[in-house]
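Q: next input, structure requested:
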Amino acid sequence: MVDEKPLVTCVILSYKKFDYLYDAIDSVLMQSYPNIELIIADDGSDNFPLTDIKEYINARKSNNIRNVLVYSNEQNLGTVKNYNVAISKSLGKYFINLANDDAFYDVNVFNKVVDKFIKTDAIILLCSQLYCDGDMQPLRFCPTGNRVKKIEKLNTPDKQFRNLNTWTLIDTPCGAATYFSRECIEKYGYYDEQYLLAEDFTRVATVTRKGGVYSFAHDIVSVRYRMGGMSNENREIISPTYEKMLRDFILCLEKEILPFKQKLGYWAYKRALAFYNWKVCVVNRKQMGLGKMLAFAYAYNFSILYWNMNILATYLRHLLGVNKHKSGFTYDKN
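A: Sure thing, here's the model as predicted:
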């Protein structure tokens, strides 16, 4: 019976670009899990094909799709507020969300993820993902090999706060493969609306600092992650949208990470401070010449190599004339 399995909500956000949205929807409709709620939350696009999407879903959905909600906000809210509105409208016990340019790995993802939630009593779960190119041709799995073993050793809130928030380990799965229960919302609240676009790494910082633990399920490959989106675009050409993401990044470091020096420990604090200084310089790049930016980039990477980030980063900020920075950005939400 359907009632034997808890309701799973899948939220797909959209804004103006719909090239791959139908592929994302198909990957939800094909799930074998018996009790699914699908929410398509558009963030105020003037070209959102609401009627077409509703008709597309109704023509293809099976009985396991118990509830469908498709809507567009009256105005653009930003990713974080859009997620919160969708969550407030949802009914599910578990949230297995999907970016509108990605797709679930296979038809059994929901079954595997829910079983893992139940068996481990987790409230936040990080799965593996398959990186794909723009045509969804496979590139590589993430994470793999020894990286998995290193990540899985981060099994306490303090270890996760020090390492997941200061980028000790690369190839840690991102928000695209992170799922949570309603209990997580009840315990830690909705996403922080001081941020505009960033909901994943800001959540890691908040939850782990408050004593929560992310559970790892690297045996589950949950999503086909299409490379080339906003979070992994060419950093040499910084779009206005990616710059807003950087500003969220800076605010998160200022608010959730850098003030907790003792909790971070000596080396983790140095790493976080160096990343902070680098991001500040990037958003202030128009005030600098190319030579200064290249000099900072060289020294920044040198500091990572020799674990002496704080000294070099502080010196270079003084050299480049970038004073201690507080965010205070005014966002253009469009």
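Q: all helices of this protein, in order?
A: Along the chain, counting by DSSP state H, helices occupy 21-29, 50-60, 79-89, 109-120, 146-152, 157-164, 182-188, 200-209, 240-252, 261-264, 266-283, 290-306, 309-320.
Q: who does the fourth one touch, helix- and strand-wise?
A: Helices and strands touching helix 109-120, as assessed by 3 or more C-beta pairs under 8 Å, 6 or more residues apart in numbering; DSSP states H and E, comprise strand 8-14, strand 94-95, strand 124-132, strand 178-181, strand 215-226. To be clear about C-beta, it is placed using only N, CA and C from the backbone, and glycine gets the same treatment.
Q: thinking again about what came up before, to Arg224, which of the helices of the chain lies closest?
A: helix 21-29 (8.0 Å; C-beta to C-beta).
Q: and that closest one, which residues are buried?
A: By neighbour count on 16 or more other C-beta atoms under 10 Å, the buried set for helix 21-29 is 21-22, 24-25, 27-29.
Q: go on, stretch 193-209?
A: Buried residues in stretch 193-209 (16+ other C-beta under 10 Å): 195-199, 201-209.
Q: ditto for stretch 216-227
A: 216-218, 220-226.
Q: now swap in stretch 258-268 and tell me
A: Buried, per 16+ other C-beta under 10 Å, within stretch 258-268: 260, 264, 268.
Q: mind giving me the domain ranges of this structure?
A: 2-232, 241-320 (automatic domain parsing).
Q: remind me which residues of the chain are low pLDDT?
A: Scanning the chain for pLDDT under 70 picks out 1-3, 166-174, 229-238, 285-334.
Q: let's go with 80 and repeat that
A: Residue ranges of the chain with pLDDT under 80: 1-3, 145-146, 165-175, 228-239, 277-278, 281-334.
Q: any idea which of the helices of the chain gets closest to Val68?
A: Shortest distance between Val68 and these, using C-beta to C-beta, is found for helix 50-60: 5.6 Å.
Q: what are the contacting residues of that closest one?
A: Helix 50-60 has contacts (C-beta atoms under 8 Å, 6 or more residues apart in numbering) with 21-22, 25-26, 29, 38, 40, 42, 65, 68, 70-72.
Q: can we see that at 10 Å?
A: 12, 14, 18, 21-22, 25-26, 28-30, 38, 40, 42, 49, 65, 68-72 (C-beta atoms under 10 Å, 6 or more residues apart in numbering).
Q: and it, what's buried?
A: Residues of helix 50-60 classed as buried: 53, 56-57 (neighbour count, 16+ other C-beta under 10 Å).
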